[in-house]
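1. let's see this in three dimensions:
(one chain, ligands or ions: 3)
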Amino acid sequence: MTGINLLGATGSVGRQAIEVIQAHPGHFRLSAMSVGKNIPLARKIIEACQPKVVSVQRKEDCERLKSEYGHRIKFYYGEEGLAEVAAFSEGEIFLNGISGAVGIVPTIRAIEAGKRVALANKETLVTAGHIVMKKAEERRVPIIPVDSEHSAIFQALQGERRKNIEKIILTASGGSFRDKKREELADVTVEDALKHPNWSMGAKITVDSATMMNKGMEVIEARWLFDLPYDKIAVLLHRESTVHSMVQFHDGSIIAQLGTPDMRIPIQYALTYPDRLPLQAERLDLAKLGVLHFSEMDFDRFRCLRMAYEAGRTGGTMPAVLNAANEEAVHSFLEGKIPFLAIEEWVERAMEQHEPIPDPTLEAVLEADKETRALVRSFLKN
Ligand SMILES: NC(=O)C1=CN([C@@H]2O[C@H](COP(=O)(O)OP(=O)(O)OC[C@H]3O[C@@H](n4cnc5c(N)ncnc54)[C@H](OP(=O)(O)O)[C@@H]3O)[C@@H](O)[C@H]2O)C=CC1
Ligand SMILES: CC(=O)[C@@H](O)[C@H](O)COP(=O)(O)O
Ligand SMILES: [Mn+2]
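-> Ligands and ions are numbered 1, 2, ... in the order given. Next comes the predicted model:
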């Protein structure tokens with residue numbers, strides 16, 4: 001029985017992770033979990049999975065749950081609580097399914113505690129990839145990607161030698177507005193942005209798919225996971241999200257991983273790697289699909305993707321600024337406070353105003369994150 005310490009149990013990745021855990025009661029148990037503010041769902045998971053440690057976002061929720069279940073569960077709250085869940089001794093795997101930069105420090109705590117890391121939280125590597133990968137290597141802790149594209153590349157690389165890679169190709173669905181021209185994006189609504197053509201995901205990442213910031217973050221994530229320079233990381237538009245990504249080798253061969261758009265597959269693979277377990281899910285029917293489409297990326301249409309490459313190539317604290325500005329801007333967009341195109345404008349302004357610190361410490365990364373959020377909030381006030 002493998003214990004799973006899960007962050008973000010009430011989210012899209014978290015709920016699907018719990019489905020995987022419950023589908024294999026002989027293999028996995030939920031040892032510890034964190035939730036944010038969704039306490040009714042937290043109660044349901046507690047009743048069903050009986051974790052020994054639970055962290056919630058707010059102190060008052062922690063007190064309330066303690067009075068209900070405190071005799072058999074240890075409760076924590078806030079960022080310290082996330083670190084307690086990450087490092088809980090009875091979990092062998094740390095599955096990071098929280099959203100946002102709040103996921104960085106718990107990943108580092110899990111590595112320090114020697115946990116194998118199944119990583120969905122892409123902000124961890126976007127902002128602190130140089131710190132996290134170095135620490136994981138020092139502690140000999142594997143980082144297994146959960147993000148579907150990176151899981152595809154990771155799977156395509158099994159048995160292959162890194163030196164033979166010509167490039168990796170991340171596929172992009174194009175998001176909710178892929179058929180709209182740039183001038184049509186000025187007055188799109190939150191409701192429209194949240195209609196992803198293929199995947200059912202949390203609100204933040206769904207908006208990131210629409211701006212293509214998601215793909216930009218995935219480029220930076222890939223740079224760290226696979227230790228490749230940016231000119232070996234390409235992006236290709238692929239409407240169907242059937243080919244989850246591919247690796248091209250220097251003899252011209254391409255190895256791709258295909259599947260239905262079902263996150264339980266990469267989540268489960270990260271928990272079972274290098275083995276696999278059966279999964280009761282719809283099978284990909286290529287005959288039914290018939291045709292798959294691929295086309296070049298348009299970097300003018302999707303400015304966030306271009307800015308993410310720029311931030312990645314600049315390095316230092318610049319990716320943390322890209323991420324923090326984007327998190328704040330998307331939050332404001334979701335609250336109906338700014339139009340869709342202001343997201344990329346705010347990210348651009350934050351990057352322009354930042355003097356990057358090379359090879360930053362964790363403290364410098366977190367400081368850049370904090371300063372950028374304050375700056376971007378001042379854009380809203382003005
Ligand atoms: N969804 C997907 O299919 C994919 C997601 N990812 C990545 O995985 C991560 C999670 O995405 P997704 O599941 O869609 O996100 P959701 O918004 O669906 O879920 C986020 C989870 O994090 C919790 N949370 C958010 N902020 C805090 C906080 N400050 N303190 C404690 N808990 C918090 C939420 O709690 P609550 O709801 O209780 O408030 C919820 O459990 C992101 O980094 C995303 O980019 C990567 C690939 C695919
Ligand atoms: C499921 C997953 O991994 C998401 O990151 C998804 O890939 C988003 O799709 P696009 O960003 O390509 O629209
Ligand atoms: Mn992805």
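2. just give the number of residues close to the single nearest residue of the chain relative to ligand 3.
-> Per CB to the ion, residue 147 is where the chain lies closest to ligand 3, at 4.3 Å. (Glycine included, C-beta is placed from N, CA and C.) Residue 147 has 28 neighbours, counted by other CB atoms under 10 Å.
3. gap between it and ligand 1?
-> Separation of residue 147 from ligand 1 (CB to the nearest ligand atom, to the nearest Å) stands at 4 Å.
4. so that residue touches residue 221, yeah?
-> Yes - in this structure, residue 147 is within contact of residue 221 by CB atoms under 8 Å, at 6.4 Å.
5. common neighbours of the two, please.
-> Shared contacts of residue 147 and residue 221, defined by CB atoms under 8 Å, 6 or more residues apart in numbering, are found at residue 122.
6. is there proximity between the helix of greatest length in the chain and ligand 1?
-> The longest helix of the chain (DSSP state H) is helix 362-381. No - Helix 362-381 stays clear of ligand 1 (CB under 6 Å from any ligand atom), getting no nearer than 12.8 Å.
7. quick check: buried residues in the helix or strand hosting residue 15?
-> Applying DSSP states H and E as the criterion places residue 15 in helix 12-23. Residues 12, 13, 14, 16, 17, 18, 20, 21, 23 are the ones in helix 12-23 that count as buried (16 or more other CB atoms under 10 Å).
8. try stretch 367-382
-> Neighbour-count burial for stretch 367-382, counted by 16+ other CB under 10 Å, picks out 368, 369, 371, 372, 373, 375, 376, 379.
9. could you check how far the residue sitting furthest away from the middle of the chain is from residue 65?
-> In terms of distance from the mean C-alpha position of the chain, residue 71 ranks first, at 34.1 Å (CA atoms, centre = their mean). Separation of residue 71 from residue 65 (CB to CB, to the nearest Å) stands at 12 Å.
10. name the residues of the protein found near ligand 2, please.
-> Residues of the chain that fall close to ligand 2, judged by CB under 6 Å from any ligand atom: 147, 148, 149, 172, 173, 175, 199, 209, 214, 215, 263.
11. just these: which are in strands?
-> Those of the residues of the chain next to ligand 2 mapping onto strands are residue 172, per DSSP state E.
12. possible to save the residues of the chain next to ligand 2 as CSV with pLDDT?
-> Shown next, in CSV, are the residues of the chain next to ligand 2 (pLDDT from 0 to 100):
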residue, pLDDT
147, 99
148, 98
149, 99
172, 98
173, 98
175, 97
199, 97
209, 98
214, 98
215, 98
263, 98
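13. need the residues of the chain next to ligand 2 in TSV (columns: distance to residue 235).
-> Output for those, formatted as TSV (distance: CB to CB, whole Å):
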residue	distance to residue 235
147	14
148	14
149	9
172	5
173	11
175	13
199	17
209	13
214	11
215	5
263	20
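14. look up the closest residue to residue 222, ignoring the ones flanking it.
-> Once flanking residues are discounted, residue 222 sits nearest to residue 233: 5.2 Å by CB to CB, 6 or more residues apart in numbering.
15. which residues touch the one you found?
-> The contact partners of residue 233, by CB under 8 Å, 6+ apart, come to 167, 168, 170, 219, 222, 223.
16. kindly recompute the last result at 10 Å.
-> Contacts for residue 233 (CB atoms under 10 Å, 6 or more residues apart in numbering) come out as 153, 167-170, 218-223, 226, 309, 312.
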